[in-house]
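Visitor: Mind looking at a prediction? Sequence and model below.
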Amino acid sequence: MAANKYRVPAYAYYLTKALHITAPLWIGLSQVETALLRRKLTNPEFERPVYVGAMPRSGSTITLEMLSEHPDLGTNFYRDLPMPWLPYFWNWLVPRLPLPAEQPTERIHKDRLLVTNDSPEAVEEVVWMRFFSDLHNEAVNNALDGSVSYPRFERFYEQYVKKLALSRGAKRYLAKNNYNATRLKYIQRLFPQARFVLTARHPLNHIASLMKQDRVLAQEQQSSQVHFMTRLMGHYEFGQDRRCVNVGDEALVAEVNRLWRGGRAVRGWGLYWSHTYDHLLDQLEADAELRQACLVVRYEDLCQRSGETIDRILAHCNLPAAPFAAARAKYVQKLELPDYYQPDFSDQERQDIAETTQATAARLGY
């Protein structure tokens, strides 16, 4: 494998594979973990999770990283991927294991973010996929609304959220999961006090970033181990397994795929970008309760008006500002628009982006 390729440590690959093959056993044992922790899981603060994301490459990762430094919030780390089924036990066990020493490495996205096993990461999609088998099937509607009822999943997930927060010594669960943009009302039914931070980005730069990531992941997935790990995590946004999220418009999904395959990828991404954000914004316009629970944050505002935007996020999520003061100051200095690549679109591609995204972009204030 080339020197610049992302590597999955052998122990992590084989351990993760073994634990996920035996997932039904661990899911069964999760009831025992919950029973042992029952008294500790009664804190009403556990009922107020915070969810980040809307579409990949929109600033959701840096928002997750930033909010994970708030002492009230506890989120998943990379180390949780092998065992999301027993979050409290696993996070007790891992620090006691004789694991090899590690150095921070650039994550698979090649975006200059260095990570370790203790870095925040999107993990919970593993749980959703275990219970909902068609979440990434383009042939069916992937959206889950408030009418969905799946008691077995709901019992497991509600306890999972609480146990993960408890394992971090936190009051509230924090998750980044862009796919949750199609499940807002379902999550709100499970957790009526949940708060959502929905990230957006100007379509020109957003589509450039999406296409860059698509190329990077397709290359990295030439490694069978990387390919296994990305599929396991539900990374179907890019690369060899790229799939549209179907929210009820099969014709749009077919058109996007046709454009992707037919040499008009930029136009395809433009249609998909607008489809995703229109679906999201339509939900908010139609439902006052959901609208109150959601805050749309533009990536450009986060980078260029950092202090003001961070304060809006804290206020929306009902997070005290004082314990976050040092982290806020750090991110005000740290946040900036990326300069390590620039959009390199032809005139025709820029026209395609304008034609496919202009109306939706205006709804987001662009």
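Guide: Looks like it came in fine. Just so it is clear, the structure is predicted and the values come from calculations on it, not from any experiment.

Visitor: Quick one: low-confidence residue ranges for the stretch 1-150 of the chain.
Guide: 1-7, 106-112 (pLDDT under 70).

Visitor: So which residues of it form strands?
Guide: Per DSSP state E, counting those that start in this stretch, the stretch 1-150 of the chain carries strands over the ranges 50-52, 73-75, 105-106, 114-115.

Visitor: Which stretch among those strands is buried most, on average?
Guide: strand 50-52 (a mean of 28; mean count of other Cβ atoms under 10 Å). All C-beta atoms are positioned from the backbone trio N, CA, C, and that covers glycine.

Visitor: tell me what it is packed against?
Guide: Other elements packing on strand 50-52 under the criterion 3 or more Cβ pairs under 8 Å, 6 or more residues apart in numbering; DSSP states H and E are helix 60-67, strand 172-176, strand 195-200.

Visitor: Give the partner strands of that strand in its sheet and their orientations.
Guide: strand 172-176 (parallel), strand 195-200 (parallel) (DSSP bridges).

Visitor: ok, residues contacting the longest one?
Guide: Strand 195-200 is contacted by residues 48-55, 58-60, 63, 67, 180-181, 184, 187, 206, 277, 280, 293-299, 302, 313, 316-318, 364 when judged by Cβ atoms under 8 Å, 6 or more residues apart in numbering.

Visitor: After it, which helix or strand is next?
Guide: helix 203-220 (DSSP states H and E).

Visitor: got the contact list for Leu280?
Guide: 54, 181, 198.

Visitor: I'd guess the second one is in a helix, am I close?
Guide: Yes. The assignment for Ala181 (DSSP: H, G, I helix; E, B strand; the rest coil) places it in a helix.

Visitor: Identify the residue nearest it in space, chain neighbours excluded?
Guide: Ala54 (4.6 Å; Cβ to Cβ, 6 or more residues apart in numbering).

Visitor: what's the burial count for the one you found?
Guide: The number of residues packed near Ala54 is 26, by other Cβ atoms under 10 Å.

Visitor: quick one: it and Ser133, what's the gap?
Guide: Using Cβ to Cβ, to the nearest Å, we find Ala54 at a distance of 24 Å from Ser133.

Visitor: rewinding a little: adding mean pLDDT and distance to Tyr14, write the strands paired with strand 50-52 out as CSV.
Guide: Formatted as CSV, these follow (pLDDT from 0 to 100; distance: least, Cβ to Cβ, whole Å):
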stretch, mean pLDDT, distance to Tyr14
strand 172-176, 98, 26
strand 195-200, 98, 34
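
Visitor: Looking at those, which one is packed in the most?
Guide: Of the strands paired with strand 50-52, strand 172-176 is the most buried (mean count of other Cβ under 10 Å), at a mean of 27.

Visitor: Mind listing what's buried along stretch 352-359?
Guide: By neighbour count on 16 or more other Cβ atoms under 10 Å, the buried set for stretch 352-359 is 352-353, 356-357.

Visitor: which residues are in contact with it?
Guide: 203-204, 207, 264, 266-267, 270-271, 273-274, 345.

Visitor: just checking, which of the residues you listed belong to helices?
Guide: Counting by DSSP state H, the contacts of stretch 352-359 place 203-204, 207, 266-267, 270-271, 273-274 in helices.

Visitor: Pull the most distant pair out of those.
Guide: The largest separation in the ones in helices among the contacts of stretch 352-359, counting by Cβ to Cβ, is between Leu204 and Leu271 at 14.8 Å.

Visitor: higher neighbour count, these two?
Guide: Using other Cβ under 10 Å as the criterion, Leu204 and Leu271 rank with Leu271 on top: 21 against 18.

Visitor: In contact with the more buried one, which residues?
Guide: 252, 255-256, 259, 356.

Visitor: Now list the buried members of the residues you listed.
Guide: Looks like these have 252, 255-256, 259, 356 buried, using 16+ other Cβ under 10 Å.
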